[in-house]
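K.L.:
okay, here's the prediction I keep looking at, along with the sequence it came from:
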Amino acid sequence: MNVMFNKRDPVYVQVIRYFKEQIATGMFESGQEIPSRRELANRLKINPNTAQRAYKEMEEAGLIYTERNLPSKITKDEAILKSVRQELIMEAVDDFVSSIRSINVPVDEVLDLVKETFENEDDK
Amino acid sequence: MNRFLKLVNFELNRFMNIYLVLIALTVIVQAAGVIVTANAYMDKANQAINEEMLSAAQFIEQYGAMSFLDFARGLWFTGPIAVCAAALLFYIFMIWYRDWLGKNTFIYRLLMLPTARLNVYLAKATSIVLMVLGLVSVQLIILPLENSVLKWMVPADFRTDMTVGQIVKWDYLSILVPQSFTEFILYYGAGFMAVSVLFTAILFERSFKWKGIFLGIGYAAISAIIMLSPLLATAFMDHYYLYPLETFGLEVGLGLILTALTLWMGHYLLTKKITV
Amino acid sequence: MIEVNDIKKKFGRKQVLNGVSFTAEKGKITCIIGINGVGKTTIMNAIMNLTPLNGGQILMNGESIGKQSYEQITFIPDAIIMQPNMTIAESMQFMTDFYDSWNQERATELLDFFKLQESEKINNLSKGNRAKVNLLLGLALDVDYLLMDEPFSGIDIFSREQIAEVFTSHLVEDRGVIITTHEINDIEHLIDKAVLLDEGKVLTEFNSEEVRETEGKSVVDVMREVYQQ
């Protein structure tokens, strides 16, 4: 686990985002055990209270769950897992669209360029 | 109490290396001194007898018989004692300053111990007293040995024998080695008082820096004047109303009050005024 | 909770602390930040009753600091506070002898974590290792509050990383920590609360995560605003 945190967004938000990325890319699988709050704080070198906060928010959002005294796990709820992926894609697309808009490029040209770049990247 | 004893033990250990050197120095120099002094006397005797053709009796008449005091008055004997005394006197100051000086910040640890800070003070004072007692004991142990060496080197005709009991009645030795328990309490009590006055003076300096130097010196001076006041009164007043025994009682009383006051002041400075 | 209440301190004519107040809670890391060195160490010393104040008071859980408090609160200054001619083992023995709150198990764990040799003399240690021993001697006490003066200054980057790791581990778990620093960059993500100090006063105190959330500012952003006014 190696995360570069920026200094202006709340750390707990960045931790949640990191979890979502891991879920979306399949690094964290449904039902997988995740580190304890203390372990997470230690590995990411963040304040344990912050790790606690991130877990609390994720638990409320249904991303993770904790049974009794067992370690927390990634949710098995497929709908939530899918929505995480969807959410990340939509966020990226929104960012992309808003920056592309500001330079006034027709959408077809953009799409072609996107495809081309994607294929080139895959070749590498 | 337990922590106090541990502190005493710790303070003794800290000085142990130098302390052992002091003991070794005393033993070696005095042992060498006995031999050198006795040899010198016998050389002189031999020379007088062989070259000046004096009889042994004439020589003794002229130069006196060799006694232990001939050795005890010399530098071989008093030198190591003076060095030890100077070292301990110096250490009365260093036992505090070593915790502050240079890069040393050990005073942080001492002041943050979960025990009354007065225990740190008392442990240091106790260590000094114990170290003095230790050196005196060493001296007492080697005195009979030195006496034997002397007897062994100088023939009976040439010497005036003294027992250890007689030797320790001589001059400053009679203060270092008190003759009775009362004297012991008095002399070492006075010693403890002197050490604590110096300690409190040091703490004045540590608490108030430059101003503290004057406060410390002032405190020591006032203490001295208080203790000397009965004697000063005798010297300067036309009529002195107290019998010697009453004067003595007064001194003891003053000493006790001054010691208590000094310890209280040390406690106050350590808890309220000290700066690391 | 540690409450520092309107404390004042003069050195000669110089007013080093001019009414400083802040609180530090158990389970949180409170960071006292000051650009220039004045005052931070004095605050620490004052909390530990190692220097007299000219005004104000300091309370721990509602009571003033006395001899018994030293089993509940400890201070790790920026220089090692042990006899330098002692070995690490002897230092640990000293702590065992005098503190009921000494936790030998944790001490051994820390020794392991920092990769220190018990038999080594403090005198012969590198600067970084000396800082680690200093930290070990404080952290192995089962105290509620830990004060650390510039734990990151003057040591190499790897030692710094190790020390930062300790902060987020169970070794500090649930304790109240107050640290001073002039260099916040390394530890921005570690702290709960920042207390900005200048010219003997607290300019502002804030929760770092809260400032990021509500104002989108980093600790350094706030410092820039406050100090450059």
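P.N.:
Noted; the coordinates are in hand. Keep in mind that this is a model prediction, so the values were computed, not measured. Residues are numbered from 1 along each chain as shown, chains lettered A, B, ... in the order given.
K.L.:
longest helix in chain A, please.
P.N.:
If you go by DSSP state H, chain A has its longest helix at helix A:78-101.
K.L.:
what are the contacting residues of the next helix or strand along the chain from that helix?
P.N.:
Note on helix A:78-101: by DSSP states H and E, the next helix or strand toward the C-terminus is helix A:107-123. Residues from elsewhere that reach helix A:107-123 (Cβ atoms under 8 Å, 6 or more residues apart in numbering or on different chains): A:I100. The way it works is simple: take the backbone N, C-alpha and C, and place the C-beta from them, glycine included.
K.L.:
and helix A:107-123, C-alpha only, in PDB?
P.N.:
Extracted in PDB, the C-alpha atoms of helix A:107-123 (Å, rounded to 0.1, in the frame of the first residue of the first chain):
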ATOM      1  CA  VAL A 107     -17.100  15.300 -29.600                       C
ATOM      2  CA  ASP A 108     -16.400  13.000 -32.600                       C
ATOM      3  CA  GLU A 109     -12.900  14.300 -33.000                       C
ATOM      4  CA  VAL A 110     -12.300  13.700 -29.300                       C
ATOM      5  CA  LEU A 111     -13.700  10.200 -29.400                       C
ATOM      6  CA  ASP A 112     -11.500   9.300 -32.300                       C
ATOM      7  CA  LEU A 113      -8.500  10.700 -30.500                       C
ATOM      8  CA  VAL A 114      -9.500   8.900 -27.300                       C
ATOM      9  CA  LYS A 115      -9.700   5.600 -29.100                       C
ATOM     10  CA  GLU A 116      -6.400   6.100 -30.900                       C
ATOM     11  CA  THR A 117      -4.600   7.000 -27.700                       C
ATOM     12  CA  PHE A 118      -6.100   4.000 -25.900                       C
ATOM     13  CA  GLU A 119      -5.000   1.600 -28.600                       C
ATOM     14  CA  ASN A 120      -1.500   3.100 -28.700                       C
ATOM     15  CA  GLU A 121      -1.200   2.800 -25.000                       C
ATOM     16  CA  ASP A 122      -2.300  -0.900 -25.100                       C
ATOM     17  CA  ASP A 123       0.400  -1.600 -27.700                       C
END
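K.L.:
avg pLDDT for it?
P.N.:
Per-residue pLDDT values across helix A:107-123 average out to 84.
K.L.:
what do you get for stretch C:152-159?
P.N.:
In the prediction, stretch C:152-159 has an average pLDDT of 82.
K.L.:
could I get the buried residue list for it?
P.N.:
C:152, C:155, C:159 (16 or more other Cβ atoms under 10 Å in any protein chain shown).
K.L.:
enumerate every residue touching the second one.
P.N.:
Shown here is C:I155, whose contacts under the criterion Cβ under 8 Å, 6+ apart are C:127-128, C:131, C:163.
K.L.:
cool, the last one as well?
P.N.:
By Cβ under 8 Å, 6+ apart, the contact list for C:S159 reads C:128-129, C:131-132.
K.L.:
so which of these is the closest to chain A?
P.N.:
Taking Cβ to the nearest Cβ as the measure, chain A sits nearest to C:K132 out of those, at 17.3 Å.
K.L.:
run through chain A and note the low-pLDDT ranges.
P.N.:
Segments of chain A classed as low confidence (criterion: pLDDT under 70) are A:1, A:123-124.
K.L.:
how far does the helix-or-strand element of chain C with minimal mean pLDDT sit from its chain's centre?
P.N.:
Least confident helix or strand, chain C: helix C:157-167 with a mean of 84, by mean pLDDT, DSSP states H and E. Counting by Cα atoms, centre = their mean, to the nearest Å, helix C:157-167 is centred 14 Å from the centre of its parent chain.
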